[in-house]
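[1] Please find the sequence and the predicted model below.
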Protein chains: 2
Amino acid sequence: MTLESGRKRGGGGSARRAARSAVSFDTAPVIDRAIPNYEILNEEALQIIERNAETILAETGVNFLENPEALELWRAAGAQIEDDRVRIPRGLARELCKTAPSSFIQHARNPERNVEIGGKKLVLAPVYGPPFVRDLEGGRRYATMADFENFVRLGYMSKFLHHSGGTVCEPTDVPVNKRHLDMLLAHMTLSDKPFMGSVTEPSRAQDSVEMCEILFGKDFVRDNTVMTSLININSPLSFDSIMMGSLEVYARANQACIISPFVVGGAMAPVSVAGTLAQVLAEVMAGVAYSQLIRKGAPVIFGTFVTSIDMNSGAPTFGTPEASQILYGAGQLARRLNLPFRSGGGLCGSKLPDAQAGYETANTLNAALLGGVNFMLHACGWLEGGLVASLEKFVLDADQLGALHKLAEGVAIDENAQAMDAIVEVGPGGHFLGCAHTQANYQSAFWRSNVLDYKPFETWEDEGARDSQSLAATKVKQLLSDYRAPALDPLIERALRSYVAEKKASVPDSFL
Amino acid sequence: MTLESGRKRGGGGSARRAARSAVSFDTAPVIDRAIPNYEILNEEALQIIERNAETILAETGVNFLENPEALELWRAAGAQIEDDRVRIPRGLARELCKTAPSSFIQHARNPERNVEIGGKKLVLAPVYGPPFVRDLEGGRRYATMADFENFVRLGYMSKFLHHSGGTVCEPTDVPVNKRHLDMLLAHMTLSDKPFMGSVTEPSRAQDSVEMCEILFGKDFVRDNTVMTSLININSPLSFDSIMMGSLEVYARANQACIISPFVVGGAMAPVSVAGTLAQVLAEVMAGVAYSQLIRKGAPVIFGTFVTSIDMNSGAPTFGTPEASQILYGAGQLARRLNLPFRSGGGLCGSKLPDAQAGYETANTLNAALLGGVNFMLHACGWLEGGLVASLEKFVLDADQLGALHKLAEGVAIDENAQAMDAIVEVGPGGHFLGCAHTQANYQSAFWRSNVLDYKPFETWEDEGARDSQSLAATKVKQLLSDYRAPALDPLIERALRSYVAEKKASVPDSFL
């Protein structure tokens, strides 16, 4: 086996020639908002929350567990260390955050799929983490690697999805200590969109970097960000050594991480929005600051995953007004830190892709667009509080993402958009369907769904009176049947497969 | 028959005593936004659109059809008249609009249900106009008066609905020329929330006023607004004599009207957002100005009902990004005219209360909340592009309206909301469920749905794996079974029934 062949970007000319001859699926450019962000907090509220976050860091502090190296770095930076507790003097964390870039490019093996994360941009990535899958025919069941591959295929073919994601579902039929290899291989071979690395062990983060070195070339990976990975904080205020170990691997390799408190409000944070925001800000500042202690300039994203809890059943709830308020507020705090912001997604608690799923998902998607999110994980396919990846919901959500693109374009105000000629031409009591302006503009004028039903009632009834889930199931089948893999240099692919095979053979299976 | 007994507010003391002894259903206060409006257009775009609206009024003009009195009023006010065409010199319409109030109170027979329309307030009213109804058991069918009464009952029992609405569905089993009487009687007797008057003939608007004089007392109606009625403009730029005749009746009686362009974009307005906004502004300014020519100070609402069209099927589409952009922009234009604003609702094109309905409805509800809507018609129950009133969707939407209330409260920032004691108490790695702050605040901390599913998967499956529509169907039955009519002075009720009976007997039935 030789890896040398892969040590140029995307395999160079041969890969590009192969790509031109393959079936190609259109991907929309990353959303570049021409609309303002929604700002729910006023200056006074922001200052109070920022002051409280500093108080939390200075007086309560955060735990860096089983991580003497981290404690030493913090001590050297000026923090007070007591056992695992790190107390960070006022202003220090914010000062350390300043070396993190406000925006960065994550490269894809197809340069046309590169994404910029930060500023007014919004990158959309699919659901992450569900152990179960659901579809109309098969119902709910444990996810397998075959399911995983189908989700990657759907993601590749979804025009409004910019990113292939990470653990789009947990392939439970592959050993825990080896599934990251198969997952990365699927993202690398079945899609040419950017993807995420493994975070379940530092060694798996290292494997992710090494596989990227095969795919992109070692030099390229040294100089460029080719992965964005999800580092969850154990809220409240706790940084475990597995997640931090993965962060350390990625930051040292100049690869991007989302530093993301994972909060079920009322359990991992106070039951109030302002209290939760202060805690989230403290946690993110500590995490980002730590990434910069590892490597100044390492790309990071201010993450916020907050949901509320149903105090009757104890279940996490999604698409709630409190979650929107926290998202809007956290976006403001992230912008004041000059960091890219991750939140939102197509979140819902519903067991099925039904009306509940629609309401809750749309509530979250809209808040994320207006709240200034730069990286939206779980943008499609999320069901049942994240326990389930749904094939039909993946397609339904991915379709709605098109509406976000259109809304973000803002309102054109040029002469054509003003349409004064049309109004003069048509006049009172007329109609616009046939006028020159309509003829010239109708094709791009209105966003339209590619899944939902717009048919006349009689036609719809004759065709079986199908609901959204049923329409989406047909679309899933059609997409998976139309799927063609993007071209990849065969030498690179062989090298990747060899790497995975060798790694798998080197240790016994573990399902723990 | 005597009407004298009704000529005091709500029947006075006897009605109030009766009310105290009846079952009472809680209604949330009108939403009073503590959050900012979302402003999608910048100052330059607003000025261009406002200038274009003035150009449309001055150069193209509007038609006031079969309405010599209107033409005479416009001529006297300084407009140029040519046949039915009214050309309004720049600035005149805007000047005339200035006498319209920026906010007004619509009174209900139960003073606790009075609503303020304008400013930062948001009043929620149910679906208006569908000729069909749908429910899970009965499917889709023509609406009847029995259906109408059930919707009024559901509206009365919906905590987050402030207004009983108007034609919640078309009772097609009652003659066209008499159904307004039955509809008003239902609103007046089955609910104590505010309602809308008839607009399908000026004489029916007059009947509406007379029935209100019985319900509220003649003096009270003379001095107060007790109805808000829907006056649609025949876009583009056309004001028919039926709608204007109804407007004239209401404005003379100091009753409120929504002046509302009804636009399917691409058919009744240009296919562009900026063009549509200019036309809508021109239409509303002409209509509001005309209301002020009828009676200075008559309460009116800047209405905007705009949807886009699917250029493939010709079907109107809802919850689209263009509709949101128009809503946001129209809200800004309305505020610059210092007028209350009507738009939004639980709009969707779906045939069923499924995921499509959920997405499209939530898209519209969120835009309406953030876009500064003051009066939201169609807030619940709307299905299939407004052709169908759905019992299950009524209950599902009305539940979601609770989330709007909570979001609009904004983020509390007092000491309790900051929750710093809780964060100190719990510390890194702890949990908040049992802490003092959670115990003191959990009951009001998080909005929760009263219809949607939050159960553990196993419980949900054991209970039949029900989707949102099925859960809502149970809720509909429960609400209709729990329903008790609000108390009404028996003398007033008898007078209302006598009025309706006499009016019905005075003319032959017509179904045209």
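    Arrived safely, thanks for sending.
[2] Contact partners for A:Lys351?
    Residues near A:Lys351 by CB atoms under 8 Å, 6 or more residues apart in numbering or on different chains: A:Arg140, A:Leu383, A:Glu384, A:Val388, B:Asp453, B:Phe457, B:Trp460, B:Ala465. C-betas here are computed from N, CA, C, even on glycine.
[3] just checking, it is part of a helix?
    No. The assignment for A:Lys351, made by DSSP: H, G, I helix; E, B strand; the rest coil, is coil rather than a helix.
[4] What subset of the contacts of A:Lys351 is buried?
    Among the contacts of A:Lys351, those classed as buried by 16 or more other CB atoms under 10 Å in any protein chain shown are A:Arg140, A:Leu383, A:Glu384, A:Val388, B:Asp453, B:Phe457, B:Trp460.
[5] B:Ser229: which of the residues you listed is nearest?
    B:Ser229 has its nearest neighbour among the buried ones among the contacts of A:Lys351 in B:Asp453, at 38.4 Å by CB to CB.
[6] Any figure for the gap between that closest one and chain A?
    Here B:Asp453 is placed at a distance of 6 Å from chain A (CB to the nearest CB, to the nearest Å).
[7] Next, give phi and psi for that residue.
    Dihedral pair for B:Asp453: phi -90, psi 120, per degrees, to the nearest 10.
[8] re the thing from before, could you tell me which of the contacts of A:Lys351 belong to helices?
    Applying DSSP state H to the contacts of A:Lys351, the entries found in helices are B:Phe457, B:Trp460.
[9] Helix or strand for the closest residue to A:Val168 other than its chain neighbours, just tell me which one.
    Using CB to CB, 6 or more residues apart in numbering or on different chains and skipping the chain neighbours, the partner closest in space to A:Val168 is A:Phe151 (4.0 Å). Assessed by DSSP states H and E, A:Phe151 sits inside helix A:145-157.
[10] cool, A:Arg51 as well?
    Assigned by DSSP H and E, A:Arg51 falls within helix A:43-55.
[11] now that helix: how far from the chain's centre is it?
    Helix A:43-55 sits 27 Å away from the centroid of its parent chain (CA atoms, centre = their mean, to the nearest Å).
[12] In it, which of the residues would be classed as buried?
    Applying a neighbour-count criterion of 16+ other CB under 10 Å, one finds A:Ala45, A:Leu46, A:Ile48, A:Ile49, A:Glu50, A:Asn52, A:Ala53, A:Glu54, A:Thr55 buried in helix A:43-55.
[13] Enumerate every residue touching the third one.
    Translated: A:Ile48. Neighbour list for A:Ile48: A:Ala274, B:Ile413, B:Gln418 [criterion: CB under 8 Å, 6+ apart].
[14] Kindly report the same for the fourth one.
    Contacts for A:Ile49 were tallied using CB under 8 Å, 6+ apart; they are A:Leu41, A:Ala274, A:Leu277, A:Ala278, A:Leu281, A:Gly329, A:Leu333, B:Ile413, B:Gln418.
[15] Of those, which is the most crowded?
    With neighbours defined as other CB atoms under 10 Å in any protein chain shown, the most crowded of the contacts of A:Ile49 is A:Leu277; it has 34 neighbours.
[16] Any stretches of chain A with poor pLDDT?
    Counting by pLDDT under 70, the ranges of chain A that qualify are A:1-24.
[17] Show me how far the helix ranked longest in it is from its chain's centre.
    When chain A is parsed with DSSP H, its longest helix is helix A:273-294. In terms of CA atoms, centre = their mean, the centre of helix A:273-294 is set 19 Å apart from its chain centre.
[18] cool, and stretch A:213-231?
    Centroid displacement of stretch A:213-231 relative to its chain, using CA atoms, centre = their mean, is 17 Å.
[19] May I see the buried residues of it?
    For stretch A:213-231, the neighbour count (16+ other CB under 10 Å) marks A:213-218, A:220-221, A:224-231 as buried.
[20] Take those residues and keep only those in helices.
    When DSSP H defines the helices, the subset of these inside them is A:Glu213, A:Ile214, A:Leu215, A:Phe216, A:Lys218, A:Phe220, A:Val221.
[21] restrict those to those near chain B?
    Among these, no residue is within reach of chain B (CB under 8 Å from any CB of the partner chain).
[22] right, and out of those residues, which lies closest to chain B?
    Relative to chain B, the closest of these is A:Val221; by CB to the nearest CB it sits at 34.6 Å.
[23] what are the ranges of the strands in the stretch 201-350 of chain A?
    In the stretch 201-350 of chain A, the segments counted as strands under DSSP state E, counting those that start in this stretch are A:228-233, A:238-239, A:256-264, A:300-303, A:305-309, A:316-317, A:341-342.
[24] Give me the residues contacting the fourth one.
    By CB under 8 Å, 6+ apart, the surrounding residues in contact with strand A:300-303 are A:100, A:117, A:228, A:230-231, A:251, A:256-261, A:284, A:287-288, A:291-292, A:330, A:333-334, A:337, A:339-343, A:374-375.
[25] Who does that strand pair with, and is each partner parallel or antiparallel?
    strand A:256-264 (parallel), strand A:341-342 (parallel) (DSSP bridges).
[26] quick check: angle from the longest one to strand A:228-233?
    Inter-element angle recorded for strand A:256-264 and strand A:228-233: 40 degrees (by axes from the mean of the first three to the mean of the last three CA atoms, to 10 degrees).
[27] chain center to strand A:256-264, what's the gap?
    Here the centre of strand A:256-264 is set off from its chain's centre by 11 Å, with CA atoms, centre = their mean.
[28] on that earlier part again, how far off centre is the helix holding A:Phe151?
    Its chain's C-alpha centre and that of helix A:145-157 lie 16 Å apart, by CA atoms, centre = their mean.
[29] Next, the buried residues of it.
    Neighbour counts using 16+ other CB under 10 Å place A:Met145, A:Asp147, A:Phe148, A:Glu149, A:Asn150, A:Phe151, A:Val152, A:Arg153, A:Leu154, A:Gly155, A:Tyr156, A:Met157 of helix A:145-157 among the buried residues.
[30] what about whichever residue of the stretch 251-400 of chain A sits closest to chain B, helix or strand, and which?
    When scored by CB to the nearest CB, the stretch 251-400 of chain A has A:Gly358 as its residue closest to chain B, at 1.9 Å. According to DSSP H and E, A:Gly358 maps onto helix A:355-370.
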